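In: Below are the sequence and a predicted model for it; my questions follow.
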Amino acid sequence: MAHWKLLSQWSSCMPGEQTFTISSALLDGVQAQDSQAWDRLVQLYGPVVYEWSRRAGLEPNSAADIVQETFRSVFTAVKGFRRDGDVGTFGGWLRTIVNNKIRDRARRNMSQGRAAGGTDAYRRILELPEQAELSDATAVSGFNVARQAIELVKNEYEPKTWQAFWQTTVDGRRADLVAEELAMSVGSVYTAKSRVLRRLREQLTGLS
């Protein structure tokens, strides 16, 4: 809930509708095979791919396998990815890859006589669309990607710095009260808030 509050505050300050897919800077880095950009991509979207797989009915181990298989395909194909209106969003493109991986796995399991969940589950998996709709992709991924970005930024700061930001920005507490509680000066609280907000802006701007 707190993450959603922060994201709602952020979105209200941003022009247009925020769908939280991939930023242009991150996409450029991934397409250039920059290792840091690639690590960031997996950190942001790995949990989303896992959740999609679990929602499709896969067991945890199988969902984890789908995550690995998906990003192997992304690594191979991402250089050719181009945004093309709604159809070309990264979220929709990624969801299509995930659906294909899930269907392929279901077919392999059926051919080997070990379809998890039985024939009905297999049929449901095969009904996954070959081309994911934008709404289908962003409905699950939007909040989760942004939430994951926030968690990654959180890990970059000392707990006291993050608390100063969180309490003043999300909890709406007065800076002087936060400063007293955290044994900081009021100026340090404002500095911490500014630093974290700037970093969040770098991570969330362009996620649309």
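Out: Everything's here; your move.
In: Helices of the chain, residue ranges please.
Out: With DSSP state H as the criterion, the chain has helices at 2-12, 24-31, 35-55, 60-77, 90-111, 118-126, 134-154, 159-169, 175-182, 186-204.
In: Any idea which of those gets closest to Arg83?
Out: helix 90-111 (7.4 Å; Cβ to Cβ). Any C-beta I mention is one placed from the backbone N, CA and C, and that applies to glycine too.
In: Could you export the helices of the chain as a markdown table, including mean neighbour count and distance to Arg83?
Out: Shown next, in a markdown table, are the helices of the chain (neighbours: other Cβ atoms under 10 Å; distance: least, Cβ to Cβ, whole Å):
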| stretch | mean neighbour count | distance to Arg83 |
| --- | --- | --- |
| helix 2-12 | 14 | 20 |
| helix 24-31 | 17 | 8 |
| helix 35-55 | 18 | 16 |
| helix 60-77 | 16 | 14 |
| helix 90-111 | 20 | 7 |
| helix 118-126 | 13 | 28 |
| helix 134-154 | 18 | 12 |
| helix 159-169 | 19 | 31 |
| helix 175-182 | 16 | 41 |
| helix 186-204 | 17 | 18 |
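In: Mean pLDDT for the ones you listed - can I get that in JSON lines?
Out: Formatted as JSON lines, these follow (pLDDT from 0 to 100):
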{"stretch": "helix 2-12", "mean pLDDT": "53"}
{"stretch": "helix 24-31", "mean pLDDT": "87"}
{"stretch": "helix 35-55", "mean pLDDT": "88"}
{"stretch": "helix 60-77", "mean pLDDT": "93"}
{"stretch": "helix 90-111", "mean pLDDT": "83"}
{"stretch": "helix 118-126", "mean pLDDT": "52"}
{"stretch": "helix 134-154", "mean pLDDT": "63"}
{"stretch": "helix 159-169", "mean pLDDT": "91"}
{"stretch": "helix 175-182", "mean pLDDT": "94"}
{"stretch": "helix 186-204", "mean pLDDT": "86"}
